[in-house]
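Student: Predicted coordinates and the sequence they were generated for:
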Amino acid sequence: MKIEMLNKNYSPSEKLKDIIDKKVSKLDKFFDDDTKVRILLKQIGDNIYTMELTIFVDNEIIRAEVSSDNMYNNIDLVLPKVEKQIIKHHSKIAGKSKKFREKMLVEEPVHEEEYKTHKVVRSKSYELVPMTIDDAIEELELVGHSFFVFLNKATNEINVLYRRLDDDYGLIETHVSH
């Protein structure tokens with residue numbers, strides 16, 4: 001694996017870098033040598049430290065983010081989250097290859113672990129009203145949710161505005177592919 005470590009408002013010690021590198025390197029048993037891993041260490045506020053671990057594999061992204069008052073704790077919190085996603089990713093690939101084998105009429109047993117499936121327990125519907133990003137921020141504040149879906153007046157595309165851990169906002173812009 002190729003590990004890239006980035007910092008934002010935070011300077012890690014060499015000891016921390018070594019620990020992170022050692023622990024993340026244990027994931028290489030799941031991936032090829034050219035798999036890219038990006039680790040972002042950042043400080044938010046006075047005593048909040050965030051670690052983002054992103055793995056780029058098979059045109060997909062496996063990502064986990066944790067925050068705590070200690071960066072050393074973050075590595076132990078983020079790895080189980082990533083490992084769970086890796087297992088799901090590998091079982092998804094195994095499922096695809098199983099379907100392929102069935103199409104080729106090759107019978108080979110595949111043992112897959114059972115995973116908890118999630119279901120939609122509530123559904124909402126509402127009309128999208130064209131608005132500016134500033135209007136969407138006001139609406140997000142009014143409803144008190146962590147995200148807000150709206151029709152961007154400037155682009156006529158559906159956007160998602162969300163509150164970040166640092167209390168700033170993020171914007172996801174969608175585009176319809178043709």
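Tutor: Ah, there it is. Residues are numbered from 1 along each chain as shown.
Student: Tell me the spatial nearest neighbour of V149, not counting adjacent residues.
Tutor: V160 (5.4 Å; C-beta to C-beta, 6 or more residues apart in numbering). Every residue, glycine included, has its C-beta placed from N, CA and C.
Student: Next: L6.
Tutor: Counting by C-beta to C-beta, 6+ apart, L40 is the residue found nearest to L6 once chain neighbours are left out, at 4.7 Å.
Student: How is this protein divided into domains?
Tutor: Domain ranges of the chain: 2-103, 130-173, per automatic domain parsing.
Student: Same list, those, but as CSV with distance to S123 please.
Tutor: Listed next are the domains of the chain as CSV, based on distance: least, C-beta to C-beta, whole Å:
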stretch, distance to S123
domain 2-103, 24
domain 130-173, 13
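Student: Distance to R122 and mean neighbour count for the ones you listed - can I get that in TSV?
Tutor: Converted to TSV, the domains of the chain look like this (distance: least, C-beta to C-beta, whole Å; neighbours: other C-beta atoms under 10 Å):
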stretch	distance to R122	mean neighbour count
domain 2-103	23	15
domain 130-173	13	14
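Student: and the gap between the residue nearest to the spatial centre of the chain and K2?
Tutor: Central residue of the chain (C-alpha atoms, centre = their mean): R63, 3.6 Å from the mean position. From R63 across to K2, the span is 16 Å (C-beta to C-beta, to the nearest Å).
Student: In terms of mean pLDDT, which of the domains of the chain ranks lowest?
Tutor: Comparing mean pLDDT across the domains of the chain, the lowest value falls on domain 2-103: a mean of 84.
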